[in-house]
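Participant: generate coordinates for the sequence data below:
(one chain, ligands or ions: 1)
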Amino acid sequence: MLKLMDKLFIRPLQNAAEARLCADFMAASEPWLTLNFSAEQIFQRLSNPQRDVYVAEMENQVVGALVLHLDGVLNGYLQLLAIHPDQRGSGLGAQLLAFAEERIFQQSPNAFLCVSDFNLRAQKFYEHHGYQRIGELSDFLVQGRSEILLRKTKGPLRSFHPVILNH
Ligand SMILES: CC(C)(COP(=O)(O)OP(=O)(O)OC[C@H]1O[C@@H](n2cnc3c(N)ncnc32)[C@H](O)[C@@H]1OP(=O)(O)O)[C@@H](O)C(=O)NCCC(=O)NCCS
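Facilitator: Below is the predicted model:
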C-alpha cells in the first residue's frame, strides 16, 4: 500500500535499518524519554510481524512511523504514531493520522489509541481530530503516569459494513 499525500509518501516499513532509524529518533524524544523506553524496545515494537507498520517519507528521508493493530478486542488500535522531532508541528502527523484512519475504518467503525497524561500537545492534536476520552489507565506504563484511552467512532459495530478489498 502506497500513498502520496502532498510531499509525504506513506508506505510499509521496508527493513530493519528503517526500524532502527525510527526507534533512535523516538527513544531520544518525548514521550518515550519520560516513559523510559529504550531504542531497542521501540525497535522490537516496530519489527512485530503481527502489526501493520508504516513509515512516512519526505524527500527520501524517513520522517515518521505508524504501527496499527488491526485485530483483537480493540480492533483498530493505533499503537504508535511518531513524527521526527525536527518535523513536528507542520502537518505531517495529521496526514499520517488520516492514513491510519482510512486503513482502520475500512474494517472497523472504531479507532482507538492511548496517549500519556503528560503529553498535552498530543492530547490536543487528537482532540482536534475528533477523538474522545474513554478512560484512564493509571500506572499503566510507568508508576505515577497514566495512559488515556481515546476513541474515534463511525457508529455501532452492528451497523458497520467493512470495505471488501480485491487484493
Ligand atoms: C503528536 C504528533 C504525532 C503530531 O504530529 P505533528 O506533525 O507534530 O502534528 P501536526 O503538525 O499535524 O499538528 C500540530 C498539532 O499537534 C500538536 N502537537 C503535538 N505535538 C507537537 C509538537 N511536538 N510540536 C508541535 N505541535 C505538536 C499541536 O497541538 C498542534 O496543534 P495546533 O496546530 O493547534 O497548534 C507528533 O507531534 C509526535 O510525533 N509527537 C511525539 C510522539 C507522540 O506524542 N505521539 C502520539 C502519542 S500516541
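Participant: checking the residue in the chain that the ligand sits nearest to next. Helix, strand or coil?
Facilitator: Nearest residue of the chain to the ligand, counting by CB to the nearest ligand atom: Gly93, 1.8 Å away. Every residue, glycine included, has its C-beta placed from N, CA and C. Secondary structure assignment for Gly93 (DSSP: H, G, I helix; E, B strand; the rest coil): helix.
Participant: make 801 the first number, not 1, from now on.
Facilitator: New numbering, starting at 801: the last item is Gly893.
Participant: what's opposite the residue lying closest to it once chain neighbours are set aside in the beta bridge?
Facilitator: The shortest distance from Gly893 to any residue other than its chain neighbours is 4.9 Å, reached at Ile883 (CB to CB, 6 or more residues apart in numbering). With DSSP bridges as the criterion, Ile883 is bridged to Gly864.
Participant: please apply the same query to Tyr877.
Facilitator: In this entry, Tyr877 is beta-bridged to His869, Phe912, by DSSP bridges.
Participant: what number of residues lie near it?
Facilitator: 22 (other CB atoms under 10 Å).
Participant: residues in contact with it?
Facilitator: By CB atoms under 8 Å, 6 or more residues apart in numbering, the contact list for Tyr877 reads 868-870, 912-913.
Participant: check what pLDDT it gets.
Facilitator: Confidence at Tyr877, expressed as pLDDT, is 98.
Participant: now it: how far from Gln907?
Facilitator: Distance, Tyr877 to Gln907, by CB to CB, to the nearest Å: 12 Å.
Participant: shared neighbours of those two, anything?
Facilitator: Shared contacts of Tyr877 and Gln907, defined by CB under 8 Å, 6+ apart, are found at Leu870.
Participant: that older thread, is it true that the residue of the chain closest to the ligand touches Gly864?
Facilitator: Yes. If you go by CB atoms under 8 Å, Gly893 and Gly864 touch, sitting 7.3 Å apart.
Participant: now the helices for the chain?
Facilitator: Taking DSSP state H as the test, the helices found in the chain are 816-827, 839-846, 892-904, 920-928.
Participant: hang on, Phe940 packs against Asp917?
Facilitator: No. Using CB under 8 Å, Phe940 is not in contact with Asp917; the gap is 9.7 Å.
Participant: quick one: distance of stretch 846-854 to the chain centre.
Facilitator: Taking CA atoms, centre = their mean, to the nearest Å, the mean C-alpha location of stretch 846-854 is offset from the chain mean by 11 Å.
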